[in-house]
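Undergrad: Predicted structure and sequence below. I'll ask about it afterward.
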Amino acid sequence: MVDLPRTPDLAAQREAMAKLRFLVGSWRGKARLYRGAEGPVDLLQSEVAGYRLDGLILLIEGVGRTAEGGKAVLQALGVVSYDDQIAAYRMRAFNDGRFLETEVKLLEDRGMTWGFTLGDIATRSILKIDENGAWTEIAEIRVGSQDPKKLLELTVYPER
């Protein structure tokens, strides 16, 4: 006898994904990207987040451009979903021709955290909506046993 695949609980998935509605919209602001010996790069940052598949997926696209010339330096796309079987959020993120998958944990007050590990490299990101309504994000990177270093600081505001 062949086991049939489990039927997902779409209502539970939509209910869980609705908790991420604080991100939905178009956002603009600034970011600072730290790239080793090159030093930090200041960027004009945009973030666009919206639901797809009738609320089952949240798609987030971020683009950071240089102030002079508007060259895209940071481009990332995240696809967030909720797995009702294990009660966990998952994200597949695309950046610089690569993709990674990770678990996303919601914070109590309009925020979330996630991280990636690839060999000796590990990142940790914290995203929050602050008291002024700004989307703030801090990312750190750790290589081997070195202390964590700042990778990204971002502050964007909803477009009105």
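TA: In hand now; what should we look at?
Undergrad: Could you tell me which other helices and strands the helix or strand where Leu74 lies packs against?
TA: Using DSSP states H and E, Leu74 sits in strand 72-83. Other elements packing on strand 72-83 under the criterion 3 or more Cβ pairs under 8 Å, 6 or more residues apart in numbering; DSSP states H and E are helix 10-18, strand 25-34, strand 40-52, strand 57-66, strand 88-95. In this view, the C-beta of every residue, glycine as well, is placed from N, C-alpha and C.
Undergrad: hmm, 6 Å instead?
TA: helix 10-18, strand 57-66, strand 88-95 (3 or more Cβ pairs under 6 Å, 6 or more residues apart in numbering; DSSP states H and E).
Undergrad: Give the other helices and strands that the shortest one contacts.
TA: Counting contacts by 3+ Cβ pairs under 6 Å, 6+ apart, strand 88-95 is packed against strand 72-83, strand 98-107.
Undergrad: and if you look at the first one?
TA: Applying 3+ Cβ pairs under 6 Å, 6+ apart, we find helix 10-18 packed against strand 72-83.
Undergrad: in which helix or strand would I find Ser145?
TA: Using DSSP H and E, Ser145 sits in no helix or strand.
Undergrad: same question, the one 10 residues further on
TA: Under DSSP H and E, the secondary-structure element containing Thr155 is strand 149-158.
Undergrad: For that strand, buried residues please.
TA: For strand 149-158, the neighbour count (16 or more other Cβ atoms under 10 Å) marks 151-156 as buried.
Undergrad: Same check on stretch 97-107?
TA: Using 16+ other Cβ under 10 Å as the test for burial, stretch 97-107 gives 102, 104.
Undergrad: For the most centrally placed residue in the chain, give me its contacts.
TA: The centroid of the chain falls nearest to Gly78 when counting by Cα atoms, centre = their mean (5.8 Å). Each residue near Gly78 by Cβ atoms under 6 Å, 6 or more residues apart in numbering is listed here: 60, 91, 93.
Undergrad: State the distance from it to Gly36.
TA: Distance of Gly78 to Gly36, given as Cβ to Cβ, to the nearest Å: 24 Å.
Undergrad: any idea how far the strand holding Leu74 is from the chain center?
TA: Mean-position distance between strand 72-83 and its chain equals 6 Å (Cα atoms, centre = their mean, to the nearest Å).
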